[in-house]
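[1] here is my input, please return the structure:
(3 chains)
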Amino acid sequence: MTDTAAQAALHAASEARAGDVTLTGVTKRYGDQTAVDGLDLHIAQGEFLSLLGPSGCGKTTTLRMIAGFEEPDAGDIRISGSSVVGVPPHRRNVNTVFQQYALFPHLTVAENVAFGLRRTRVPRSEIRDRVVEALDMVRMRSFADRRPAALSGGQQQRIALARALVNRPSVLLLDEPLSALDRQLREEMQVELKLLQARLGTTFVFVTHDQGEALSMSDRIAVMRAGRIEQLADADTVYGSPSSAYVAGFIGRQNFFSGTAAGATVEADGLTLRGTADLVAGTAVRAAIRPEAVRLAPGEDAGENRIVGRLVGISHLGESMQYIVESGRHSIIVLTPRPSAPSVRPGDAVTLSWAASDVAIFPDDGATPAPATAAA
Amino acid sequence: MSERTLARRRSGKPVTDVLLSIWGWLVMAFLFAPILVIVVYSFNEGRLLASWDGFGFAAYEAAFANRQIVATVLVTIRVAIWSAVVATLLGTMAGIALARRPGRWTAWFTGLLLLVTVTPEIVDAVALLPWFVQLGTELGVTILNDGIVRLAIGSSLFSTAVVAYLVRSRLIGLDEHLEHAATDLYATPFQALTRVTLPLTAPAVVSGFLLSFTLSLDNTIIAAFVSVQGATPWPVYILGSVRSGLRPEIAAMSTIMLALTLVVLVLVAIVLRRSGDSTTQIARTMTGG
Amino acid sequence: MTTTAPPQQRATLPPAPRRRLRLPGFLMALPAWSWLLVFFVAPVGLVIYYSFGYKPGLFATHATDVLSFDRYLEALSPTFASVFLNTLWVGVIGTILCLLIAMPAAYWIATKVPANRRGLMLGLVLVPFWTNFLVRTIGWRVMLAPEGFLSEWMVGLGLGPIEILNTRLAVLIGVVYNYLPLMILPLYVAFDRVEGPLREASKDLGADRVRTFLTVTLPLARPGIIAGVLFVYIPLMGDYITATVLGGAQGTMAGQLVASQFTTAQNWALGSAMAVVLILTTVLSAVAAAAMLWLVTWPLRLANRMRIGEAS
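    Presented below is the predicted three-dimensional model:
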């Protein structure tokens, strides 16, 4: 058992509160595929935790094990202090907001919301009040008597939320609930979800492959890779000090340079990058620089890390400008806020510069992180 | 909690699942029991089908030596081909019209198709007999005195409705924009029909043809009424021997026909799979869903 | 074809589209329409017409110079009415049995069998469907024969021989067997459509498996259940073969009655009236059953209804 596992177990034993979720050494295999591999995770009461990762990283499987739709092959899951292994989903005090909402098409909105309350011993008179209250909470009361099919995606999303929250679960599980919405609605719902969570104080476990969603809402983010947690930290740390090239590539965009370390510098195919770390000379490393950390200036310019290149593309991203610069065999992406954008044209010679502290250097672990793709 | 109880909780399938699968396999056994009985009893050496008298291939030899049996099987196959051709042709056209040219007429036509499918076969049978006699002998439409023609018409009615349903539901599930795109790309309406609509409908047409063919092989009730001397189809022959006495030859010929049907079905399933359908889709296509 | 040229005529278009006559939409359906009119509507219409006639003499089959409802009264006289009641009994009990047997089996295939084996399972369900109806009924005749192997096993077990051939019970077994695939298929499609996430959502909201089945799966599968019941009930009521092969004198069904009037008795008028009665019995009993079910479930539906109304 690892240190964190021991810690998590200790945690669970000492200060379990309603709404705590503790996973210890949880493993799930499908045939010879290991979906979740010895996962240790403690989620505190009232926390907004995101499980972030690409499809197939085990995030949804983890969520489904907490919900009870899948049973772990090994390890223990504790909710509010007591083990739920072997407890069927209908006897767990957690509720789920499903990816495609899974609203019952044969019931009205109100009947959908009342579904969970009717299964428990809530008095009839109280059911109605709580349904109305939940619908008010998501501002959908005037749609109470309609069928889900008559609602838009965003409205269905709200109903799914109300249907889960009306049961006052100790933990709310959200399985990519915003992925089916268009961009504007998604951003609105992000704000709404965060406010709702803050108001209710319910533990939220949010599964997503969208780093923007995770960054904007979470107290902590667990970046997952191949059934394990790669980094578990708050948004600022995950973004600013990623623990590996994988995390660096998954959160935000990066310019990656593969090369060989030599003291504080990295030799990368004709480029010399100066960083702050002291590295053993000769190790294969990956250096990463965020597009917004790069300064672009026309002509020649001075700076700690300075390279000259040719501007090949400019795109307007609304609040910022994106430049693509070619230098030798490298293609580098630069993001500049619009007010401070220099006036340059494709074909111009430009100088790129950045601070040594903005260069993150990771050991090259052979994994291929997401390349710094230009935004469309 | 001990590791042991945990393990049990993890691996144990719920009792309801176990009961369900037992039930499922029992139903499968029920569905196959009489078919297996026929196959097994086709190797009966005895004179009577129902009383087992040793294993042997005598029934198969006897079946092929029996001219009457061979003749009835050939009649049935000829009828099935004709009936399937007619039903597929009429049904496909009707199905396309229903899906792509809806109008006030659709309700009437759908109503007619519904009537054809829900009317008990025995009513069709008793209605067709006097009708054929009247048209054939009294009004001089002599083609209706031909046994094959009568049988093919009789079994084409239900099949036509089935093919029309199949083609219609297939087309309704497909985007009409595909045809619009074809006309946008300079196809004449006729070309759009032959180059786009028909290929898209093909799976429904193929399964419709197959279904009509097998329905016709099965057609007993109407056939029993409208068949004429000299063109007795296989099922009517069997029905006759239910009254006079069942012999193993019937089981032998039925086993051969079953084997042939299954081979054809497997072939079609392979063709459909090659063209990219999933197993469930194939099963649905073959059953007309 | 029926559409005219595309409305937008671009100058750059290759050959200018010819103007076409706008033909009525039903043109492509016309062949099928006329085919069914000549060989279905006309003959069945004639049968209905005959049913108001009478049998004039020993050697004539029908006459329609005097029209009356007398043949219907004759068809409903006690001798024949008992056959209709028998048919109704077999029809109702047979359909209910088919539903009860098929429901768990279809649910099992749709939800418990691994997805990659479902096609095979459906294929297996269909094998009887592709086997000659008559032949598989004969299979039952062999199995149920008093001197058959099943009977001998039963005697060996001390349970006595099977003596149900040529009874109503044999007919019931036969029809349940023959129409079972027609029930399993629509039920499978219906259960297959109730997506996994909906059942999971129900369990997530505190419903156990039984509750989930009753409150989510079953209501959503209702159209398929109705289709299955009709697919089985309608042909079952008109069954002729199963009763002929397995029923003997005791297990007579209405279909045989109609047939015998046309063949042995040569009374087309009475046979026609019986055919009409058979159709009416089938339709009216189905409607009555639907109405009854609707009434019985009324309080249940009332209890589950929830109306909030607009916020004031």
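
[2] CA only for contacts and neighbour counts going forward, please
    Will do.

[3] could you give the number of residues near residue 188?
    Going with chain A. Neighbour count of residue A:188, defined by other Cα atoms under 10 Å in any protein chain shown: 11.

[4] my question was about chain C
    Neighbours of residue C:188 (other Cα under 10 Å): 25.

[5] what's the spacing between residue C:296 and residue C:215?
    Distance, residue C:296 to residue C:215, by Cα to Cα, to the nearest Å: 17 Å.

[6] these two: who's more crowded?
    residue C:215 (19 against 11).

[7] leaving out the residues flanking it, which one is nearest to the residue in the stretch 251-376 of chain A positioned nearest to chain C?
    Chain C sits closest to residue A:251 of the stretch 251-376 of chain A, with a gap of 29.7 Å, by Cα to the nearest Cα. Leaving aside its sequence neighbours, residue A:251 sits nearest to residue A:211 (Cα to Cα, 6 or more residues apart in numbering or on different chains; 5.7 Å).

[8] wait, the one you found sits on residue A:248?
    No. Using Cα atoms under 8 Å, residue A:211 is not in contact with residue A:248; the gap is 11.2 Å.

[9] those two: who's more crowded?
    A direct count of neighbours by other Cα under 10 Å for residue A:211 and residue A:248 places residue A:248 higher, at 25 against 20.

[10] and the stretch 51-200 of chain A, which residues reach chain C?
    A:67, A:69, A:89-92, A:94-96, A:98, A:102-106, A:110-111, A:115-116, A:119-120, A:128, A:132, A:141-145, A:164, A:167 (Cα under 8 Å from any Cα of the partner chain).

[11] please indicate which of the residues you listed are buried?
    With burial judged by 16 or more other Cα atoms under 10 Å in any protein chain shown, the buried subset of those is A:67, A:69, A:89-92, A:94-96, A:98, A:102-105, A:110-111, A:115-116, A:119, A:128, A:132, A:141, A:143-145, A:164, A:167.

[12] and for chain A, the residue most distant from the center?
    residue A:125 (40.1 Å; Cα atoms, centre = their mean).

[13] tell me how far the residue in chain A that chain B sits nearest to lies from residue A:71.
    Nearest residue of chain A to chain B: residue A:86, at 5.0 Å (Cα to the nearest Cα). Distance, residue A:86 to residue A:71, using Cα to Cα: 7 Å.

[14] who has more neighbours, these two?
    residue A:71 (26 against 19).

[15] who touches the more buried one in this structure?
    Contact analysis of residue A:71 by Cα atoms under 8 Å, 6 or more residues apart in numbering or on different chains lists A:28, A:65, A:85, A:86, B:10.

[16] same check on residue C:70?
    Contacts of residue C:70 (Cα under 8 Å, 6+ apart): residue C:52.

[17] so how far is the helix or strand where residue B:225 lies off the chain centroid?
    Assessed by DSSP states H and E, residue B:225 sits inside helix B:221-226. Relative to its parent chain, helix B:221-226 has a centroid offset of 17 Å by Cα atoms, centre = their mean, to the nearest Å.

[18] other residues contacting it?
    So helix B:221-226 is contacted by B:121-122, B:124-126, B:128-129, B:132, B:147, B:150-151, B:154-155, B:233, B:236, C:240-241 (Cα under 8 Å, 6+ apart).

[19] what packs against the longest helix anywhere in chain B?
    Secondary structure of chain B per DSSP state H: the longest helix is helix B:67-100. Helices and strands touching helix B:67-100, by 3 or more Cα pairs under 8 Å, 6 or more residues apart in numbering or on different chains; DSSP states H and E, are helix B:58-65, helix B:147-172, helix B:198-218, helix B:234-244, helix C:30-36.

[20] most tightly packed of those helices?
    helix B:147-172 (a mean of 25; mean count of other Cα atoms under 10 Å in any protein chain shown).

[21] does it reach chain C?
    Yes. Counting by Cα under 8 Å from any Cα, contacts between helix B:147-172 and chain C involve B:153, B:154, B:157, B:160.

[22] could you check the angle that helix makes with helix B:198-218?
    140 degrees (axes from the mean of the first three to the mean of the last three Cα atoms, to 10 degrees).

[23] how far off centre is helix B:147-172?
    10 Å.

[24] the following helix or strand past it: which residues count as buried?
    Sequence-wise, the next helix or strand downstream of helix B:147-172 (DSSP H and E) is helix B:177-184. Within helix B:177-184, the residues scored as buried using 16+ other Cα under 10 Å are B:179, B:182, B:183.
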